[in-house]
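Student: build me a structure from this.
(4 chains)
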Amino acid sequence: MGIKGLAKLLSDEAPDCIREVELKSLHGRKIAIDASMAIYQFLIAVRSGGPNQQATMLTNAEGETTSHIQGMFNRTIRYMTEGIRPVFVFDGKPPDVKSHELIKRREKREKAQAALAVASEEGNVEEQDKQSKRLVRAGTKENEDCRKLLTLMGVPVVTAPCEAEAQAAALCKAGLVYATGTEDMDALTFATPILVRKLTFANASKSMVQTMNYNKVIEGLAISHDQFVDLCIMLGCDYCDTIRGVGPKTALKLIREHGNIEKVIETIDRKKFVVPESWVPNEKKLDAQSDDDDEEGVESPSKEENNGIVDTEELIPAYVQARKLFNEHEVLNDIELKWKPCQAEDLQKFLVDDMGFNVDRVKNNIEKLQAAYKANSKPQTRMDSFFAVKANPNAAKSAAKRKADAAKAKAAVSKKKTKKH
DNA sequence: CTCGTCC
DNA sequence: TCGTCTGTCACAAGACGAG
DNA sequence: TGTGACCGACGAA
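Tutor: Residues are numbered from 1 along each chain as shown, chains lettered A, B, ... in the order given. Reported below is the predicted structural model:
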């Protein structure tokens, strides 16, 4: 998931869009969070068993995994006590074009499965660990568990018709939440006004989070929204391939110079930069003639399969389809988000009876949750004015760098201005 | 702060 | 030569609190 | 899965 190298490119080229702020500055905010991503992280990270023995998921009496419940429960309570009101957004059906990507992932899973079997045979604990983590997936069961947990906690849950990031961005655009909380830079491509990263509690004391501002992205890169989407596609997204030989620097330069992908393809030297076939479906025969290298170590018996999948949409360039997914993604519109008091009794039953949690801990945490809910539903005094916002340390770094690169920067700036005005 | 525990 | 891209590798992805 | 560090390849200056 995500846009390859976008975070780095932004910190280099548009540092003003990034800010490091204290967690406290989000007090009183509503934030949309990609649930599937969080669940995945919990499944991987929340394990038991010290060094020298096989790490194992937390489980209830029936042997069902409870790691995700543990993680989700703790984190949600923490959000609430920090005065943050989370809404968790679940993935719906992945778009068709993503199937290439999904097939690749399945193949990798199967490989890991085999490797795990071998490692078990050999009793290689470390290898078992590694491979079993590769097999982790947030399945239906885990999603349902978390939906139930969150509902009992009184936290709103939204199931997206398609991609969660797109839905979260839509909530943010509609003003229903302040920001999208995710590590996935896709959210920016979906034009979420604010993106919050590192919304986690690794260092409990001085927890800083990173915010990215969509308008400042556009401003800083000095390109339009449509150009930004094209840029993201060229950097590399889940929906299609990229032009070989074009990295972040070149992609930005080309988009600034030519305005869109069509013009870029027309203009660039196609021998030097290999445009994927799927981007120019009408030119297949021409491309086949080029004596370019196709033996890149990785064999691709999947080529025929890929052709079979696209079929009816074969004549639409892949980047056009990707564009459409970013700009017209299917989302739910009339949503009401309500944070309710938790259903203490049922919640305790669920956690203790079904999931095997410790009664006292659960009671304790439910009290915390209730206290936090109470505090949150009081009239809000936003803490903005009390906590100054610190500029992104990277900004200073790249500012210094820009001084050093003054000559180069000047050229870029003058280009910006001519483009913009 | 590090380390062990949560289930 | 310098910048840029690509491949490869290693590594880490939670939260909490007792001591 | 993805991200960063490192490195060799390659084209531009």
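Student: off-centre distance for the strand or helix carrying A:Ala251?
Tutor: Here A:Ala251 sits within helix A:248-258, counting by DSSP states H and E. Centroid separation between helix A:248-258 and its chain, computed with CA atoms, centre = their mean, to the nearest Å, is 24 Å.
Student: what is that helix packed up against?
Tutor: In terms of contacts (3 or more CB pairs under 8 Å, 6 or more residues apart in numbering; DSSP states H and E), helix A:248-258 is packed against helix A:6-13, helix A:225-235, helix A:261-267, helix A:406-420. No exception for glycine: its C-beta is placed from N, CA and C like everyone else's.
Student: and the shortest one, is it in reach of DNA strand C?
Tutor: Okay, so that is helix A:261-267. No: judged by CB under 7 Å from any atom of the strand, helix A:261-267 makes no contact with DNA strand C; its nearest approach is 12.6 Å.
Student: which other helices and strands contact that helix?
Tutor: Helix A:261-267 is packed against helix A:225-235, helix A:248-258, with contacts defined by 3+ CB pairs under 8 Å, 6+ apart.
Student: any chance you could list what contacts the helix holding A:Ala251?
Tutor: For helix A:248-258, the external contacting residues (CB atoms under 8 Å, 6 or more residues apart in numbering) are A:5, A:8-9, A:13, A:221-223, A:227, A:230-231, A:234-235, A:246, A:261, A:264, A:266-268, A:415-416, A:419.
Student: closest to DNA strand B out of the helices and strands packed on helix A:261-267?
Tutor: helix A:248-258 (34.2 Å; CB to the nearest atom of the strand).
Student: the closest one and DNA strand C, are they touching?
Tutor: Yes: Helix A:248-258 lies within reach of DNA strand C by CB under 7 Å from any atom of the strand, at A:248-251.
Student: in PyMOL, how would I select the buried members of those?
Tutor: A single PyMOL command selects the buried members of those (16 or more other CB atoms under 10 Å):
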select buried, chain A and resi 248+251
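Student: so can I have a markdown table of the residues of helix A:248-258 next to DNA strand C showing pLDDT and distance to A:Met37?
Tutor: Formatted as a markdown table, those follow (pLDDT from 0 to 100; distance: CB to CB, whole Å):
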| residue | pLDDT | distance to A:Met37 |
| --- | --- | --- |
| A:Pro248 | 95 | 23 |
| A:Lys249 | 95 | 29 |
| A:Thr250 | 95 | 30 |
| A:Ala251 | 96 | 25 |
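Student: now, which of the residues of helix A:248-258 next to DNA strand C sits nearest A:Leu351?
Tutor: Minimum distance to A:Leu351 across the residues of helix A:248-258 next to DNA strand C is 45.5 Å, recorded for A:Pro248 (CB to CB).
Student: any idea how far the closest one is from A:His225?
Tutor: Distance of A:Pro248 to A:His225, given as CB to CB, to the nearest Å: 19 Å.
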